[in-house]
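> could you look at this predicted model? Sequence included:
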Amino acid sequence: MSVIWILERPRPPAESTPALLQGDFAVRAFASLRNFLRMAPLRGRLPDLVIVRSADFADELINLENLLGIRYESVPRLYLGDVDGFAPASPDAMIISADDRTQLPFNVQEILNFDGPRDTSSVMQLHDLILDTAGHRLKLSMEGEWVRLKPKEGQILRHLLKNPNHCLSHEDLVLAVWKDVRVSPRSMASHISRLRRYLQGSQLEIRNVYGGGYQLCSTSPESGD
């Protein structure tokens with residue numbers, strides 16, 4: 001089930017965006033920006049979509065859009081209602097009328113692109129793992145649900161997928177993903193740890209290699225792929 005985060009002040013159920021989407025999607029509502037900043041990083045999995053009731057955060061929209069672009073770069077955003085002087089910076093952000101709420105579930109389905117990537121050239125597959133490199137998403141079977149990754153995690157996994165069963169050092173991954181930026185082993189280990197959580201139940205796993213490095217390989221000892 002797709003995960004949606006909604007920033008909206010409390011409303012009666014008949015006017016509530018979470019109530020409109022609950023059941024079709026896994027919804028997590030945040031009533032204040034402060035609550036969102038405190039609680040969202042603790043949710044673990046990235047959302048598939050962030051919805052913001054624009055009028056509720058009119059004075060903070062520009063800062064909020066910048067913040068979402070930094071922390072959740074790969075996650076599309078949907079703003080309910082226009083606010084004078086505000087235009088999303090990201091091409092993945094959309095503004096729709098807050099009045100036509102009955103169409104919202106259809107708008108959400110279109111944004112989430114349930115049929116998968118339009119550009120099949122961006123898709124990589126090994127065993128049960130399918131990675132959409134353009135959308136920074138993965139799933140563990142053709143029938144599985146897409147799980148969004150942070151862009152750097154998607155790039156790390158892409159590089160591991162291009163080199164299965166090969167040990168890639170910390171320096172190899174930094175050069176491939178960050179280029180000339182210095183990245184600490186601790187930061188890299190954090191990205192790898194999150195990727196391992198996403199791969200739980202997969203036929204593939206990321207192993208630590210003695211001496212420093214990571215290797216994407218099959219969980220089955222008989223497999224030579």
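Structure received. Residues are numbered from 1 along each chain as shown.

> give the helix, strand or coil label for Ala29.
strand (DSSP: H, G, I helix; E, B strand; the rest coil).

> likewise Asn66?
helix.

> show me what contacts Cys217?
Pro164, Asn165, Leu204, Glu205, Arg207 (CB atoms under 8 Å, 6 or more residues apart in numbering). (Glycine included, C-beta is placed from N, CA and C.)

> for these, which ChimeraX command selects only the ones that are buried?
Selecting only the buried entries of those in ChimeraX, with 16 or more other CB atoms under 10 Å as the criterion:
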select :204
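
> from the contacts of Cys217, which is closest to Thr17?
Thr17 lies nearest to Leu204 out of those, by CB to CB, at 37.3 Å.

> what are the bridge partners for the closest one, then?
Bridge pairing for Leu204 (DSSP bridges) gives the partners Ser218.

> rewinding a little: export the contacts of Cys217 to CSV and tack on pLDDT and distance to Leu78?
CSV is the format used below for these (pLDDT from 0 to 100; distance: CB to CB, whole Å):
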residue, pLDDT, distance to Leu78
Pro164, 93, 37
Asn165, 93, 41
Leu204, 95, 33
Glu205, 95, 35
Arg207, 95, 39
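
> for Pro88, what is the enclosing helix or strand?
For Pro88, there is no host helix or strand (DSSP states H and E).

> could you list every residue that touches the residue lying closest to it once chain neighbours are set aside?
On the basis of CB to CB, 6 or more residues apart in numbering, the spatially nearest residue to Pro88 that is not a chain neighbour turns out to be Glu65, at 5.6 Å. By CB under 8 Å, 6+ apart, Glu65 lies in contact with Arg77, Phe86, Pro88, Ala89, Ser90, Ala93.

> hmm, 10 Å instead?
If a contact means CB atoms under 10 Å, 6 or more residues apart in numbering, then Glu65 has Val52, Phe57, Arg77, Tyr79, Phe86, Ala87, Pro88, Ala89, Ser90, Ala93 as its contacts.

> what pLDDT does it get?
Glu65 carries a pLDDT score of 88 in this model.

> hmm, Ile206 is touching Ser193, no?
Yes. Between Ile206 and Ser193 there is a contact under CB atoms under 10 Å: 9.3 Å.

> looking at these two, which is more packed in?
Shown here are Ile206 and Ser193; by other CB atoms under 10 Å, Ile206 has more neighbours (18 against 10).

> show me what the helix or strand hosting that one is in contact with.
Assigned by DSSP H and E, Ile206 falls within strand 204-208. Contacts with strand 204-208, where a contact means CB under 10 Å, 6+ apart, come from 126-129, 140, 156-157, 160-161, 164-165, 167-168, 189, 192-193, 195-196, 199, 213-220, 223, 225.

> mind checking how far Glu110 is from Ser169?
42 Å (CB to CB, to the nearest Å).

> err, Ile62, not the other one
Per CB to CB, Ile62 is found 41 Å from Ser169.

> beta partners for the most centrally placed residue in the chain?
Closest residue to the average C-alpha location of the chain: Arg148 at 2.9 Å, with CA atoms, centre = their mean. Under the criterion DSSP bridges, Arg148 forms beta bridges with Arg137.
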